[in-house]
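Asker: Need coordinates for the below:
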Amino acid sequence: MARMTQRRKVHRFVLDGSAQALEFPVRHREDVLAVEEPLEIRLGSLPFTVTMRTPGDDFDLVAGFLVSEGIIWAPEQLVSLRFCAGEDENGVQTFNVVEARLRPDVELPERGRNIFTSSSCGICGTDSIDAVRKSSHFSPAADPLTLPVETLVGLPDKLRAAQAVFETTGGVHAAGLFRITEDGDSELLCVREDVGRHNAVDKVVGWALRERLLPLTGTVLQVSGRASFELVQKAALAGIPVLAAVSAPSSLAVELAEASGMTLAGFSRGTTLNVYAGRHRITAPAAVPG
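Answerer: Model prediction:
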């Protein structure tokens, strides 16, 4: 937690009309912020990419990122992960460079970060979906998972209860991986937080790879923000059959979920949610005769 948060002095303005606010409209206090720092990922000795992230679970982040890029999909392909030497101006180790060594038969990208998807890069939707299909080694469509809608709608609260960094800072996204039990209940397997919602998902997927759990059959990925194309892509590449978000999905996210055979839910809040794809996995209570 120490590297994930930082205390800063702030000037707090209070304009609520109270007598105290009128006398002291500006107050001095400390606030706790989520840390954001760059992480350089190297494949062997070669620089691959730099991502901005909240420090912590960096090995999970790198492993998940490699899965999300379609470079690896099995733990045996990842030989080792290590922090490289790096110091700040005070000579303190920064832990901001990670070297991943891959099995010799793993095909490396030709140059730089090999991105085939981004919500801002203007790639054609059809081409993007085809790229995911070609890169995926798992099939969410074949997953027979079904789950009660009551279980699915209750996941945001379970995720929120496990968000330690958000509780302190209010400034990070979260991703939680849940296994659905035989009786239809949910079991939290892993939760990760980060200033980037994509990083939070990568950290979950990387944890699963390192725990030898891929493909993630019979699971639900609950995220704290919206469901973008990239989050659906990351879930599909990990073999996750259900993705649920507390906010809205994008149109291309829905298209990819349908093409991948995933279930995609959005606006999961309180007692309601919308299912945009894969309705067949969601069971609802039987109607009460009138």
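Asker: Please, where are all the strands along this protein?
Answerer: Counting by DSSP state E, one finds strands in the chain at the ranges 5-13, 26-34, 37-43, 46-53, 78-83, 97-102, 147-148, 173-180, 186-194, 219-223, 242-245, 263-269, 272-277, 282-283.
Asker: Can you say which of these is nearest to residue 108?
Answerer: When these are compared by CB to CB, strand 37-43 sits nearest residue 108, at 5.8 Å. (C-beta placed from N, C-alpha, C; glycine too.)
Asker: Run the angle between that closest one and strand 46-53 for me.
Answerer: Strand 37-43 and strand 46-53 are oriented at 150 degrees to each other (axes from the mean of the first three to the mean of the last three CA atoms, to 10 degrees).
Asker: Can you give the distance of strand 37-43 from its chain's centre?
Answerer: Put simply, strand 37-43 sits 17 Å off its chain's centre (CA atoms, centre = their mean, to the nearest Å).
Asker: Report the buried residues of that strand.
Answerer: Across strand 37-43, burial judged by 16 or more other CB atoms under 10 Å covers 39, 41, 42, 43.
Asker: next one: stretch 255-262
Answerer: Across stretch 255-262, burial judged by 16+ other CB under 10 Å covers 255, 256, 257, 258, 259, 260, 261, 262.
Asker: What's the separation between the closest residue to residue 235 other than its chain neighbours and residue 264?
Answerer: Using CB to CB, 6 or more residues apart in numbering and skipping the chain neighbours, the partner closest in space to residue 235 is residue 243 (4.7 Å). For residue 243, the distance to residue 264 equals 5 Å [CB to CB, to the nearest Å].
Asker: got a list of what the closest residue to residue 264 other than its chain neighbours touches?
Answerer: Computed as CB to CB, 6+ apart, the closest residue to residue 264 that is not its neighbour in sequence is residue 257, at 3.8 Å. Residue 257 makes contacts with 232, 236, 243, 249, 263, 264, 276, 277, 278, as judged by CB atoms under 8 Å, 6 or more residues apart in numbering.
Asker: Most neighbours among those residues, which one?
Answerer: With neighbours taken as other CB atoms under 10 Å, the top of these is residue 232, carrying 32 neighbours.
Asker: which residues of the protein score low on pLDDT?
Answerer: Across the chain, the ranges flagged by pLDDT under 70 are 1-2, 85-94, 110-128, 132-134, 286-290.
Asker: biggest helix in it by residues?
Answerer: The single longest helix within the chain, with elements called by DSSP state H, is helix 197-210.
Asker: Packing partners of that helix?
Answerer: When contacts are defined as 3 or more CB pairs under 8 Å, 6 or more residues apart in numbering; DSSP states H and E, helix 197-210 sits against helix 58-68, strand 173-180, strand 186-194, strand 219-223, helix 229-237.
Asker: re the thing from before, residue 164: which of the contacts of residue 257 is nearest?
Answerer: Of the contacts of residue 257, the one sitting nearest to residue 164 (CB to CB) turns out to be residue 243, at 22.8 Å.
Asker: State the distance from the most centrally placed residue in the chain to residue 172.
Answerer: Computing the C-alpha centroid of the chain and ranking residues by CA atoms, centre = their mean puts residue 201 first, at 1.6 Å. Distance, residue 201 to residue 172, using CB to CB: 13 Å.
Asker: Surely residue 261 is in contact with residue 145?
Answerer: No. Applying CB atoms under 8 Å as the test, residue 261 and residue 145 come out as separate, 11.2 Å apart.
Asker: Overlap in contacts, these two.
Answerer: Residues touching both residue 261 and residue 145 (CB under 8 Å, 6+ apart): residue 241.
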